[in-house]
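# Mind looking at a prediction? Sequence and model below.
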Amino acid sequence: MTDVLAAVDIGTNSVHLVVARVSENRIEVVEREREMVRLGSSATDMKRLTPAAMKRGIDALARFRQVAAIHGASMRAVATSAVREAENRATFIDRAREVGVDIEVISGFEEARLIFLGVLQAVPVFDRQVVVCDIGGGSTELVVGTRGDILTARSLKLGSIRLSRRYFAGAKLSSSAVDRCRRDIRTALTPAVREIRRAGFDVAVGSSGTIGAVCAMVAARRGGGVPRTLNNFTVSRDDIDGVVKRLIKAPTVKERARTPGLDPRRADIILAGALILEQVVHEIGAEGLTFSDYALREGVLLDTWRRIHGGSLHHLSDLRRRSVLRLARQMDEDYGHSEHVARLALELFDATAGRHGLGDDSREVLEAAALLANVGLFVSHAGHHKHSYYVIRNSELLTGFTDREIELIAQVARYHRKSAPRKKHPEFAELQRDDQRRVRVLAGILRVAVGLDRNHGRRVMGVRVADDDGRLVIGSVPAPGQDVSLELYAAGTRSDLLADALDVPVTVVEVDGAEEEIPA
């Protein structure tokens with residue numbers, strides 16, 4: 001099945017749109033648009049989006065939405081480091097929503113995964129172990145993978161705009177600034193380089209505008225002009241070194257803008273980006289790299305198609321589920337209990353679907369939150385629900401989720417015990433009204449499920465639900481020969497949030513698994 005989809009990449013330097021006909025393993029591009037908006041132009045190291053930058057970004061998004069509509073394409077917009085790091089990102093997201101664009105702020109790890117997915121569609125390296133480098137305005141993503149599986153991934157705060165503002169903001173270039181920039185790049189690369197060398201790779205691939213610009217300058221120097229497409233264009237380490245040397249010899253932005261093959265609009269930030277590429281190639285020991293014209297945007301298109309058509313809707317996708325299980329097993333001291341609670345929670349979710357009206361995306365959030373609710377115990381038993389929120393929110397192990405989905409998972413896990421969600425809690429207050437309701441319903445279900453395994457002994461083996469004269473009756477099916485009185489009490493005392501979220505009294509009772517009717 002083929003869908004017309006649009007993907008928007010809200011980057012630090014530019015905002016890109018691609019509209020394409022997408023099927024399971026094919027992307028047929030219909031239209032591309034690019035606006036250089038420089039969201040990361042703040043002088044505060046990208047901590048705030050300036051009003052002017054926000055206006056440029058919103059204007060571009062409004063135009064892109066119109067282009068997508070012309071093609072009848074459903075549009076998905078993702079934002080990377082500039083928005084991810086901005087303290088006032090909520091303002092930008094709200095203004096985008098006013099022009100009809102919902103923005104997903106993705107984590108650095110998720111950005112790396114989507115870039116890898118896009119690259120595999122443009123460069124024939126699926127069967128080889130590949131290292132991918134993507135250099136943006138605010139961050140650099142490094143991924144090692146093979147046959148579609150990611151072995152290691154890192155997102156580093158190294159970007160062409162970020163480092164240009166830090167080292168090359170003056171009118172003339174100084175050799176000492178170049179030396180400092182190189183040294184700091186090597187330092188920031190150290191942990192990623194160690195992982196890449198340990199994993200190993202057969203071939204290196206580069207993507208993004210910065211690396212494309214370096215390739216274009218190499219092509220121009222070779223003669224014959226820059227090719228119509230740079231996809232699968234290869235450059236050696238010596239080629240990259242040569243570009244860097246030529247850029248350093250041009251002491252001003254004006255002189256660098258005259259470099260053959262370089263888009264003059266990129267002249268003020270190209271040196272920093274080229275230095276990042278130079279150091280990456282040298283530090284990981286690559287002899288050169290192949291350029292991919294596909295990256296984040298194309299990865300978003302394929303990921304969106306797979307969300308629509310791929311896998312069973314009643315289960316976390318393989319990639320997402322594997323990442324949840326990896327984090328749970330690494331940090332939960334009683335994973336079996338969490339797994340049982342997750343199963344009971346999903347039974348309750350399904351049985352109450354007619355009342356809460358939430359979809360399969362909420363079911364995924366509930367399952368992940370139930371499996372991860374106790375990871376905070378790794379930090380401390382006291383207040384472990386709050387620690388669970390922190391661990392989930394900041395873990396780099398969760399792959400395949402959007403930033404919003406991770407926030408919802410973290411909040412549902414945080415509210416599985418103790419205080420109910422309140423507007424005075426800053427993270428909860430920042431959610432949209434629909435998401436606030438979703439957290440309340442899912443956390444309410446999870447609290448009851450946790451109570452039903454109060455002894456961590458799997459004494460309740462299932463649940464059945466019935467409506468009885470305006471009450472929601474949760475029937476708990478005991479395992480053979482088990483006393484579930486403590487579980488009934490615990491679940492009952494923890495049912496207040498669910499009752500409030502569904503606006504119906506909740507009662508928890510014991511039932512015989514063979515009975516057809518739940519007793520009043």
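Everything's here; your move. Numbering: from 1, shown residues only.
# For the rest of this, base every contact and every neighbour count on C-alpha atoms.
OK.
# What ranges does the stretch 101-250 of the chain have for its strands?
Secondary structure of the stretch 101-250 of the chain (DSSP state E, counting those that start in this stretch): strands at 103-105, 130-135, 140-146, 149-156, 203-207, 234-236.
# remind me, longest helix of the chain?
The longest helix of the chain (DSSP state H) is helix 175-199.
# Let me see the domain layout of this protein.
Domain assignment for the chain, taken from automatic domain parsing, gives 3-105, 122-293, 311-510.
# I'd like those domains as JSON lines, with mean pLDDT, mean neighbour count and distance to residue 115 appended.
Shown next, in JSON lines, are the domains of the chain (pLDDT from 0 to 100; neighbours: other Cα atoms under 10 Å; distance: least, Cα to Cα, whole Å):
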{"stretch": "domain 3-105", "mean pLDDT": "90", "mean neighbour count": "19", "distance to residue 115": "11"}
{"stretch": "domain 122-293", "mean pLDDT": "94", "mean neighbour count": "19", "distance to residue 115": "8"}
{"stretch": "domain 311-510", "mean pLDDT": "88", "mean neighbour count": "20", "distance to residue 115": "12"}
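# do you know which of the ones you listed lies nearest residue 299?
Closest approach to residue 299 among the domains of the chain (Cα to Cα): domain 3-105, 9.0 Å.
# For the closest one, measure first residue to last.
One end of domain 3-105 to the other measures 24 Å (Cα to Cα, to the nearest Å).
# for the longest helix of the chain, packing partners?
Packing partners of helix 175-199 (3 or more Cα pairs under 8 Å, 6 or more residues apart in numbering; DSSP states H and E): strand 140-146, strand 149-156, helix 160-167, helix 270-284.
# Show me what the longest one is packed up against.
This means helix 270-284. strand 130-135, helix 160-167, helix 175-199, helix 209-222, helix 237-249.
# Next: the first one.
When contacts are defined as 3+ Cα pairs under 8 Å, 6+ apart, strand 140-146 packs onto helix 108-119, strand 130-135, strand 149-156, helix 175-199.
# Parallel or antiparallel, which strands does that strand pair with?
Strand 140-146 sits in its sheet next to strand 130-135 (antiparallel), strand 149-156 (antiparallel), going by DSSP bridges.
# And for that strand, what's in contact with it?
For strand 140-146, the external contacting residues (Cα atoms under 8 Å, 6 or more residues apart in numbering) are 108, 111-113, 116, 126-135, 150-159, 192, 196, 199, 201.
# on that earlier part again, and the helices and strands packed on helix 270-284 as a markdown table, adding distance to residue 390?
A markdown table is the format used below for the helices and strands packed on helix 270-284 (distance: least, Cα to Cα, whole Å):
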| stretch | distance to residue 390 |
| --- | --- |
| strand 130-135 | 28 |
| helix 160-167 | 27 |
| helix 175-199 | 23 |
| helix 209-222 | 34 |
| helix 237-249 | 41 |
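# so which of those gets nearest residue 438?
Closest of the helices and strands packed on helix 270-284 to residue 438 is strand 130-135, at 35.4 Å (criterion: Cα to Cα).
# Report the angle between that closest one and helix 175-199.
Orientation of strand 130-135 against helix 175-199 (axes from the mean of the first three to the mean of the last three Cα atoms, to 10 degrees) gives an angle of 150 degrees.
# Same list (the helices and strands packed on helix 175-199) but as a markdown table, adding distance to residue 301.
Shown next, in a markdown table, are the helices and strands packed on helix 175-199 (distance: least, Cα to Cα, whole Å):
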| stretch | distance to residue 301 |
| --- | --- |
| strand 140-146 | 19 |
| strand 149-156 | 18 |
| helix 160-167 | 25 |
| helix 270-284 | 26 |
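# what's the closest of those to residue 83?
helix 160-167 (13.4 Å).
# What segments of the stretch 251-400 of the chain are helices?
Using DSSP state H, counting those that start in this stretch, the helices found in the stretch 251-400 of the chain span residues 253-256, 270-284, 296-309, 318-331, 335-351, 353-356, 360-372, 384-394.
# which outside residues touch the first one?
It refers to helix 253-256. Around helix 253-256, the neighbours that count as contacts under Cα under 8 Å, 6+ apart are 171, 172, 247, 250, 264, 267, 268.
# If we only consider those residues, which is nearest to residue 18?
Using Cα to Cα, residue 264 is the member of these that sits closest to residue 18, with 23.1 Å.
# List the contacts of that closest one.
Contact analysis of residue 264 by Cα under 8 Å, 6+ apart lists 256, 257, 258.
# Let me have these in TSV, extended by distance to residue 391.
Converted to TSV, the contacts of residue 264 look like this (distance: Cα to Cα, whole Å):
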residue	distance to residue 391
256	45
257	45
258	49
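# Which of the residues you listed sits closest to residue 441?
Using Cα to Cα, those come closest to residue 441 at residue 257, 56.4 Å.
# quick one: the closest one from residue 235, how far?
According to Cα to Cα, residue 257 stands 21 Å off from residue 235.
# for residue 243, same thing?
Relative to residue 235, and taking Cα to Cα, residue 243 is found at 11 Å.
# which residues are common contacts for these two?
Jointly contacting residue 243 and residue 235 under the rule Cα under 8 Å, 6+ apart are residue 218.
# Now that residue 37 has come up, it's in contact with residue 14, right?
Yes - between residue 37 and residue 14 there is a contact at 5.3 Å, judged by Cα atoms under 8 Å.
# Skipping adjacent residues, who's closest to residue 422 in space?
Spatial nearest neighbour of residue 422, chain neighbours left out: residue 428 (6.9 Å); criterion: Cα to Cα, 6 or more residues apart in numbering.
# In contact with the one you found, which residues?
Shown in contact with residue 428 (Cα under 8 Å, 6+ apart): 411, 421, 422, 436.
# just checking, residue 106 touches residue 83?
No - using Cα under 8 Å, residue 106 is not in contact with residue 83; the gap is 9.3 Å.
# ok, and what's touching stretch 84-93?
For stretch 84-93, the external contacting residues (Cα under 8 Å, 6+ apart) are 46, 47, 48, 49, 54, 58, 83, 102, 103, 105, 106, 107.
# cool, stretch 212-223 as well?
With Cα under 8 Å, 6+ apart as the criterion, stretch 212-223 contacts 225-227, 230, 233-235, 239-240, 243, 259-263, 270, 274, 291, 293.
# Strands of the stretch 401-520 of the chain, start to end?
Secondary structure of the stretch 401-520 of the chain (DSSP E, counting those that start in this stretch): strands at 460-468, 471-478, 506-510.
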